[in-house]
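1. quick one, structure for this:
(2 chains, ligands or ions: 3)
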Amino acid sequence: MTTLDGAIPAEVREKNAGLIADIDDLVSIHGTERSALLPILEGLKSRRDQITDIAIQVVADRLGLTPVDVEGVVTFYHFLGTEPTGDTVIHVCRTISCALLGMDAVVKRLENVTGVSMGETTPDGKVTIDWANCIGMCDFAPAALVNREAVKEVTPDRIAEIVTEARA
Amino acid sequence: MTIRTPLTLSTIEAGAGLTEALQRDPADVRATITQSGMKGRGGAGFPTGLKWELAAKAPAPDGVRYVICNADEGEPGTFKDRVVLSEMPDLVFEGMTIAGFAIGATKGILYLRGEYIYLLDDLERCLEKRRADGLLGSDIHGTGLEFHISIFLGAGAYVCGEETALIESIEGRRGESRNRPPFPVEKGLHGAPTTVNNVETFAWTSAIFARGADWFSSIGTDRSTGPKLLSISGDVERPGVYEFPLGISIREMLEAAGGTRAKAVIVGGAAGTCVPAKDFDRAISYEDVSTGGAVIVVGPWRDLLEVAENLQWFFANESCGQCAPCRVGTVKLLDGVRDLRAGTVTAERLGDLITLGETMEFASKCGLGQAAPNVFLSMVKAFESEIKGHLVAEGSAQ
Ligand SMILES: Cc1cc2nc3c(=O)[nH]c(=O)nc-3n(C[C@H](O)[C@H](O)[C@H](O)COP(=O)(O)O)c2cc1C
Ligand code: SF4
Ligand code: FES
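-> Ligands and ions are numbered 1, 2, ... in the order given. Model (predicted):
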């Protein structure tokens, strides 16, 4: 395995020892081929609340890519991105079948109980609320993903309950 | 699970198709698929047998070829692949294995959309079992045939359903579609000949070998053979997955789903067409109204422009931004539809929007941008007076 060059100062490396260990673990699972990039980033996103600049640099280093390259991939996919997300991430489908069948009321209630707008995280870092495009649950519209598990025929009351549980 | 009609695929025994296929040689397997007349179930409708012929015959410098199952299912209104993956994953993996034998590939990858991560464990278990049963591995059924399948998880991007973007994604890049030619059958994953097929296409492959090519081609129309799974949603009493022979009329389909009062249906999802009630005798088939399986029903009380705005937002949000006609066009179309709803569009601007849409259809690099104006353009045509009712009144000041 290659080692990180001088780009990252020793104290930063020390501070991010846990992160680096996570990345090295993912690299040992998925390998150092470029086609391991997405699985590594997905694994990282599920273990940590944010894909940070440091994470991008370390992943780039391990796979022999440039940080810009890795960042380009991170920002391309809806489920990655460089923004931090909360412990619970709620994605509400905003596409047509859900829009026809009551998505608006769900989102209104969601913004209301969390006190933040779609795309934001509650100040306590517990809940992120965001949009998704059609999640393939149109037969159970309106639908949402809560930590990537599908929730069918979601109602305003149900979404409020989910937020309460997430904050408990 | 909202399965609304008996599904033929539920009656196909796992293993039957593969056993049958392995008694032939690869050329014969490809010929059987050609004889069935099956066209791809993912939307574009390319003949599956021909695709496999091309992939089998393309030069493969290292002898490496790939089979990819497209389980990205991102088209708005489509969910039948989710049901197939949940209910009959064996048939999908078996179809991939048959394809591997047919084109001379030893590796298959199922590209599962990130939204379906909750299906991953069951799919992995199904693969484990197939390996344990000798249906995958280095010596399948003791015939010496080698085929391995792995699952690759997407991370949320509609364009990754486009086959070249999907390949880019597996290779660890942004899911930006490639110029074609070369087509994936010539130079696909890692530059090797690759067949990319839809989940449902692989499931029917297993059925064709279990039941026979003649059985398949006896269903449907001459040019659209076989049964097709449809995902019906929106303003209907019984949303869900339906199986119909291709060639069924939109009306019959709506009768089954409880949506005959509809004002229009969007067939083919966001990339599809808006069909008005007066055309409900038209058929679901490759030669008439073609679809990968999405049918979104729009009730009589709906504002069509609300539907159009929702879908244009989708395209503007999902455009990969690589080429200007799509990057700029999707945003301009969205603005146009919003302004139409606000009543600030003149007849001249509507004309410009139509021209813009037509330009996107031929100038965009991939199917996303090419199809992005479809619903809007077909809506303006089918509901001319309703749409024109939103225009700035003639002679009134702007
Ligand atoms: C923007 C876009 C998205 C697509 N999404 C999918 C998809 O989710 N699933 C699919 O099977 N095909 C999708 N396709 C079509 C694929 O490019 C390809 O034609 C298909 O997977 C071939 O399989 P088939 O011949 O079995 O239908 C998409 C095409 C475009 C342009
Ligand atoms: S048509 Fe749209 S999605 Fe396709 S390459 Fe161009 S910008 Fe990207
Ligand atoms: S439109 Fe919401 S799940 Fe398909």
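2. would you list the phi and psi of the residue nearest to residue A:120 when sequence neighbours are not counted?
-> In space, and not counting its chain neighbours, residue A:120 is closest to residue A:129: 6.8 Å by Cβ to Cβ, 6 or more residues apart in numbering or on different chains. (Glycine included, C-beta is placed from N, CA and C.) Per-residue torsions, residue A:129: phi -120, psi 140 (degrees, to the nearest 10).
3. who does residue A:129 form a beta bridge with?
-> Judged by DSSP bridges, the bridge partners of residue A:129 are residue A:90, residue A:120.
4. tell me the residue of chain A that sits nearest ligand 2?
-> Minimum separation of chain A from ligand 2 (Cβ to the nearest ligand atom) falls at residue A:76, amounting to 11.0 Å.
5. residues in contact with that residue?
-> Neighbour list for residue A:76: B:157, B:174, B:175, B:320 [criterion: Cβ atoms under 8 Å, 6 or more residues apart in numbering or on different chains].
6. please tell me how far the first one sits from residue B:320.
-> In this case it means residue B:157. From residue B:157 over to residue B:320 the distance is 8 Å, taken as Cβ to Cβ, to the nearest Å.
7. again, but for the second one
-> Residue B:174 sits 7 Å away from residue B:320 when distances are taken as Cβ to Cβ.
8. compare the two and say which one has the larger neighbour count.
-> With neighbours defined as other Cβ atoms under 10 Å in any protein chain shown, residue B:174 and residue B:320 compare such that residue B:320 has more, 23 against 20.
9. so what would you say the end-to-end distance of stretch B:273-292 is?
-> Across stretch B:273-292, the terminal residues are separated by 12 Å (Cα to Cα, to the nearest Å).
10. can you tell me which residues in chain B are near ligand 1?
-> Chain B has residues B:40-44, B:46, B:70, B:72-75, B:158-159, B:161-163, B:196-198, B:201, B:366-368 near ligand 1, with proximity defined as Cβ under 6 Å from any ligand atom.
11. which residue is the nearest non-sequential neighbour of residue A:94?
-> Distances taken as Cβ to Cβ, 6+ apart place residue A:131 nearest to residue A:94, at 4.7 Å, with adjacent residues excluded.
12. now the element after the helix or strand containing that neighbour, going C-ward?
-> Residue A:131 is located in strand A:127-132, with elements delineated by DSSP states H and E. Once the chain leaves strand A:127-132, the next helix or strand it forms, by DSSP H and E, is strand A:144-146.
13. how many neighbours does residue B:15 have?
-> By the criterion of other Cβ under 10 Å, residue B:15 has 17 neighbours.
14. and it, backbone torsions?
-> Dihedral pair for residue B:15: phi 100, psi -30, per degrees, to the nearest 10.
15. coming back round to it: in helices, which of the contacts of residue A:76 fall?
-> Residues of these located in helices (DSSP state H): none.
16. now distance to residue B:243 and pLDDT too, for those residues, in TSV please.
-> What follows is the contacts of residue A:76, written out as TSV (distance: Cβ to Cβ, whole Å; pLDDT from 0 to 100):
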residue	distance to residue B:243	pLDDT
B:157	29	96
B:174	37	96
B:175	31	96
B:320	34	95
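17. quick one: low-confidence ranges for the chain?
-> The chain I'm using is chain A. For chain A, the stretches with pLDDT under 70 are A:1-7.
18. right idea, wrong chain: chain B
-> In chain B, residues with pLDDT under 70: B:1, B:394-398.
19. and the residue nearest the centre of it?
-> In chain B, the C-alpha nearest the mean C-alpha coordinate belongs to residue B:42, at 2.6 Å (Cα atoms, centre = their mean).
20. list the contacts for that one?
-> B:70, B:161, B:197, B:198, B:199, B:200, B:201, B:292.
21. repeat that for 10 Å
-> Counting by Cβ atoms under 10 Å, 6 or more residues apart in numbering or on different chains, residue B:42 makes contact with B:70-73, B:75, B:78, B:81, B:161, B:163, B:196-201, B:292-293.
22. and those, which of them are in strands?
-> Those of the contacts of residue B:42 mapping onto strands are B:70, B:71, B:196, B:197, B:198, per DSSP state E.
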